[in-house]
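J.: This is a predicted model, with the sequence first.
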Amino acid sequence: MKRAKLLGLDIDVYSFDEAVEYAKKHKGQVVTINPEMFEYVNKNPEFADIIENAEMVIPDGIGVQLGLRVMGYNVKRIPGIEFAKRLISEFQSRPIALIGAKPEILSKTVKNLKSEFKGINIVYARDGYFDDPNLVFKEVSEQNPELVLVALGSPKQEEFIYKLKSILPNALMVGVGGSFDVWSGVVERAPEIYQRLWLEWLYRAIKEPKRLKRIFPSLPLFIIQVLKEKWS
Ligand code: UDP
């Protein structure tokens, strides 16, 4: 297992393909971590526990990639949305559950995935605006999925998966944030030029200005903290 320490948390530093293989073999909870989550870890010890207990923590965004580079780990980020799509293609004939996003987004996502992956076996799909999580835990566990993708945003999705893990110990579960919004075709992912210039965050912030409040001050604070750790 290849791990890096970043601001007190263990991050798995795999290539994309290695991460896919590791996840398929080991199952459990995969956290795709970003600077906002580091900030939340500082404020919330229970959330820190969840991250520490995750079977895998992968660097989702450019902020965490940069932080790892500052600490001397030359790793590339693994965008959660691409990681999750690859897992779907690897698991397609096996039972898959999708939980999260608005109802119309979820149904468009299911439709699009079914046309992209002909043999896909979606055994459970539930939007992310439910009152009783226990009912969702019960329903999803009855379907015994092997791959569970949860799009509730952070920290909700990590907390949800952490609880579900004790009910479905043999499933692989990934928190995928806004991925269903993109897969549904309703939200556009940043064009490749933004991704290549490490400016995907800027594109998302322009499209959805309320994101700016989340990114700032998280991103600069995160980088400052990493630099402090490096120089201490
Ligand atoms: N969401 C949900 N239930 C909630 C809150 C959010 O299903 O109670 C969904 C929301 O519709 C969106 C996703 O969670 O599809 C969060 O996306 P966002 O882009 O905010 O997540 P990020 O990737 O930034 O963590």
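T.: That came through fine.
J.: Can you point out the buried residues in stretch 66-80?
T.: Using 16 or more other Cβ atoms under 10 Å as the burial criterion, the residues of stretch 66-80 that qualify are 66-68, 71, 73, 75, 77-80. Heads up, the C-betas are built off the backbone N, CA and C, glycines and all.
J.: Ok, stretch 93-111 next?
T.: Quick answer for stretch 93-111 (16+ other Cβ under 10 Å): 95-102, 105-106, 108-110.
J.: Okay, and which of these map to strands?
T.: 95-100 (DSSP state E).
J.: Mind checking which of the buried residues of stretch 66-80 are in helices?
T.: 66-68, 80 (DSSP state H).
J.: can you redo the residues you listed as JSON lines with distance to the ligand?
T.: Below are these laid out as JSON lines (distance: Cβ to the nearest ligand atom, whole Å):
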{"residue": "66", "distance to the ligand": "18"}
{"residue": "67", "distance to the ligand": "18"}
{"residue": "68", "distance to the ligand": "19"}
{"residue": "80", "distance to the ligand": "7"}
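J.: the helices in this structure, which residues?
T.: Along the chain, counting by DSSP H, helices occupy 16-26, 35-43, 45-53, 62-70, 80-91, 103-116, 133-143, 156-167, 179-183, 192-196, 200-207, 210-231.
J.: ranking these by burial, who's on top?
T.: With neighbours defined as mean count of other Cβ atoms under 10 Å, the helices of the chain peak in mean count at helix 179-183, which reaches a mean of 25.
J.: ok, that helix near the ligand or not?
T.: Yes: using Cβ under 6 Å from any ligand atom, we find that helix 179-183 touches the ligand at 180-181.
J.: go on, stretch 138-151?
T.: Yes: counting by Cβ under 6 Å from any ligand atom, the ligand has neighbours in stretch 138-151: residue 151.
J.: Keeping just the C-alphas, turn that stretch into CSV.
T.: The C-alpha coordinates for stretch 138-151 follow below in CSV (Å, rounded to 0.1, in the frame of the first residue of the first chain):
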residue,chain,number,x,y,z
LYS,A,138,-32.6,-1.0,4.2
GLU,A,139,-33.7,-0.8,0.6
VAL,A,140,-30.2,-0.7,-0.8
SER,A,141,-28.9,-3.5,1.3
GLU,A,142,-31.8,-5.8,0.2
GLN,A,143,-30.4,-5.4,-3.4
ASN,A,144,-26.9,-6.5,-2.3
PRO,A,145,-25.0,-4.2,-4.7
GLU,A,146,-21.2,-4.7,-5.2
LEU,A,147,-20.6,-1.1,-6.3
VAL,A,148,-22.4,1.8,-4.6
LEU,A,149,-21.9,5.4,-5.9
VAL,A,150,-23.2,8.1,-3.5
ALA,A,151,-23.7,11.7,-4.8
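J.: Reformat the buried residues of stretch 93-111 as JSON lines; add distance to the ligand and pLDDT.
T.: Formatted as JSON lines, the buried residues of stretch 93-111 follow (distance: Cβ to the nearest ligand atom, whole Å; pLDDT from 0 to 100):
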{"residue": "95", "distance to the ligand": "21", "pLDDT": "98"}
{"residue": "96", "distance to the ligand": "17", "pLDDT": "98"}
{"residue": "97", "distance to the ligand": "14", "pLDDT": "98"}
{"residue": "98", "distance to the ligand": "11", "pLDDT": "98"}
{"residue": "99", "distance to the ligand": "8", "pLDDT": "99"}
{"residue": "100", "distance to the ligand": "4", "pLDDT": "98"}
{"residue": "101", "distance to the ligand": "4", "pLDDT": "98"}
{"residue": "102", "distance to the ligand": "5", "pLDDT": "98"}
{"residue": "105", "distance to the ligand": "6", "pLDDT": "98"}
{"residue": "106", "distance to the ligand": "8", "pLDDT": "98"}
{"residue": "108", "distance to the ligand": "12", "pLDDT": "98"}
{"residue": "109", "distance to the ligand": "9", "pLDDT": "98"}
{"residue": "110", "distance to the ligand": "14", "pLDDT": "98"}
